[in-house]
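A.B. asks: Fold the following for me, if possible:
(one chain, ligands or ions: 1)
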Amino acid sequence: MRYSLLSLVRNALSGHRHWRPAWRDAAPKPAYDVVIVGGGGHGLATAYYLARLHGIGRVAVLEKGWIGGGNTGRNTTIIRSNYFLPANAHFYEHALKLWEGLSRELNYNIMFSQRGVVNLFHSPAEREGWTRRYNMMRLNGTDAEVLTRERLAAMLPELSLDPGARYPVLGGVIQPRGGVARHDAVAWGYARAADRLGVDIIQNCEVTGFEIGNGRIAGVETTRGAIRAGRVGLCVAGHSGTLARLAGLRLPIETHLLQAVVTEPVKPFLSRVVSSGALRVYVSQTAKGEVLIGGPLDGYNSYSQRGAWPTVERILAGAAELYPRIRRLRLMRQWAGVMDMSMDGSPIISATPVGGLFLNGGWCYGGFKATPAAGWCMAHLLATGATHDLGRAFALDRFRTGHILTERGEGPQPHLH
Ligand SMILES: Cc1cc2nc3c(=O)[nH]c(=O)nc-3n(C[C@H](O)[C@H](O)[C@H](O)COP(=O)(O)OP(=O)(O)OC[C@H]3O[C@@H](n4cnc5c(N)ncnc54)[C@H](O)[C@@H]3O)c2cc1C
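C.D. replies: Next up, the predicted model:
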């Protein structure tokens, strides 16, 4: 959206009353072709691609709070495609390619910064794991480079390479095209673009039940009344299990807490995203200068979005081991999101036993980077009823047939962040 200097001045002098809202505040209609539950990045991207690629504009996105207020607005925004298994690698590589053109596609600056994602190794066993992953990445056509300690020292001057450390750094693998993006902007950019294509984005509208007849979905019940739709997509992350249960389904997904923290802002010193499986921590620096630190799950089921202090203490200790100078910084904020952990660590984009009801969930640590490709494949599924080639391995019934997709054993913490 472009504003002239005159309109900027007019708005500044009139109490900002003349800005055009980025998307309409739509009221629910009685019926839609497709209803999407969940206004996070995945739900909004699905709506956008449904309208743009498949010409289906009678779509509503129902969000119980505000768009982007779930994990989309709570994550540490790391984007990468450094997977081992071909199904995951090709899916996340497609996502990365979409990220590379997304600001232009949406005409919205999502601040995508391809600063590179470095995974450190601290032991010969970890080096083996990461070298194997590096080889597989190259075979899958993904960019990757092995880094010696000398290269690391030049690239990350503040990183501790102390040989006497508890877990001395031996080297790393970088995916140079990996990076970060501004999470809110991703939600807002997709919302605005979907709205322009006729999609209704309805906030403060919680789905409380499903209307199902003869094994097929007929609509949803919401806090703002019933809405009819022959196709419904669930994109509710950590609420997948509770919502699916309302449709009579039991999913192979557990809800867990994942925390992150930021320090006070400092001058730029950390030009890459750095992750350590041994220390179970990852660190980057935001555009504002805050040091952003994340780690593993808290380890117990919860919907609280808060998290426990021992986890914070552990991840801070790990970060300070990598970057000793950050010990002196003050912690500004801590938060948690409710994570949809699938039983094999890979996502689900799938039809369900209820006709017309489709599921997008099980994103674990990695759903933000998946956003464009998840929306792309989910839109294909909702529009055609058929699975997109890129999402073929992510069917729900793999847990019944045993075709599970686990990256475990392919290097330390392969799904961390
Ligand atoms: C601390 C943290 C760090 C992370 N770091 C990374 C990272 O670096 N890189 C990465 O790729 N991923 C990361 N993730 C994971 C990532 O955030 C998620 O996988 C991704 O954002 C999921 O997007 P989504 O749109 O599916 O979910 P969400 O953004 O959570 O959207 C789901 C929406 O559904 C709504 N909803 C739920 N129930 C209902 C209902 N009954 N009716 C209507 N609406 C409902 C919720 O309010 C929510 O807004 C991280 C997550 C956390 C918590």
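
A.B. asks: How about the residues of this structure by the ligand?
C.D. replies: With CB under 6 Å from any ligand atom as the criterion, the chain meets the ligand at residues 37-43, 62-65, 69-72, 74-78, 206-207, 235-237, 239, 243, 258-260, 294, 337, 339, 363, 365-369, 417. Where C-beta positions appear, they are placed from N, C-alpha and C, glycine not excepted.

A.B. asks: Please state the offset of the strand or helix carrying Trp99 from the chain centre?
C.D. replies: Assigned by DSSP states H and E, Trp99 falls within helix 86-100. Here the centre of helix 86-100 is set off from its chain's centre by 13 Å, with CA atoms, centre = their mean, to the nearest Å.

A.B. asks: cool, and stretch 196-209?
C.D. replies: 20 Å.

A.B. asks: who's in contact with it?
C.D. replies: Residues outside stretch 196-209 that contact it (CB atoms under 8 Å, 6 or more residues apart in numbering) are 23-29, 32, 37, 39, 44, 47-48, 50-52, 57-67, 191, 194-195, 220-224, 243, 246.

A.B. asks: ok, the residue nearest to Ala185 when sequence neighbours are not counted - how many residues close by?
C.D. replies: Sequence neighbours aside, Ile110 is the residue nearest to Ala185 in space, at 4.5 Å (criterion: CB to CB, 6 or more residues apart in numbering). When neighbours are counted by other CB atoms under 10 Å, Ile110 registers 22.

A.B. asks: ok but Thr72 is inside a helix, no?
C.D. replies: Yes. Secondary structure of Thr72 (DSSP: H, G, I helix; E, B strand; the rest coil): part of a helix.

A.B. asks: is it true that it touches Gly41?
C.D. replies: Yes. With contact defined as CB atoms under 8 Å, Thr72 and Gly41 form a contacting pair (4.3 Å).

A.B. asks: if I look at these two, which residues touch both of them?
C.D. replies: His183, Val186, Ala187, Phe368, Thr371.

A.B. asks: gap between Ser123 and the ligand?
C.D. replies: Noted for Ser123: a distance of 24 Å to the ligand, by CB to the nearest ligand atom, to the nearest Å.

A.B. asks: quick one: that residue and Ala278 touch, right?
C.D. replies: Yes. Taking CB under 8 Å as the definition, Ser123 is a contact partner of Ala278 at 6.8 Å.

A.B. asks: who has more neighbours, these two?
C.D. replies: Neighbour totals were compared for Ser123 and Ala278, and Ala278 leads with 19 against 14 (other CB under 10 Å).

A.B. asks: Output stretch 368-381 as CSV, restricted to C-alpha atoms.
C.D. replies: What follows is stretch 368-381 as a C-alpha-only set of coordinates in CSV (Å, rounded to 0.1, in the frame of the first residue of the first chain):
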residue,chain,number,x,y,z
PHE,A,368,7.2,-21.1,11.1
LYS,A,369,9.7,-21.9,8.4
ALA,A,370,7.1,-24.2,6.9
THR,A,371,4.4,-21.5,6.7
PRO,A,372,4.3,-20.8,2.9
ALA,A,373,4.7,-24.4,1.8
ALA,A,374,2.2,-25.6,4.5
GLY,A,375,-0.3,-23.1,3.2
TRP,A,376,0.5,-24.1,-0.4
CYS,A,377,-0.1,-27.8,0.2
MET,A,378,-3.1,-27.3,2.5
ALA,A,379,-4.8,-25.1,-0.1
HIS,A,380,-4.2,-27.8,-2.8
LEU,A,381,-5.7,-30.4,-0.5
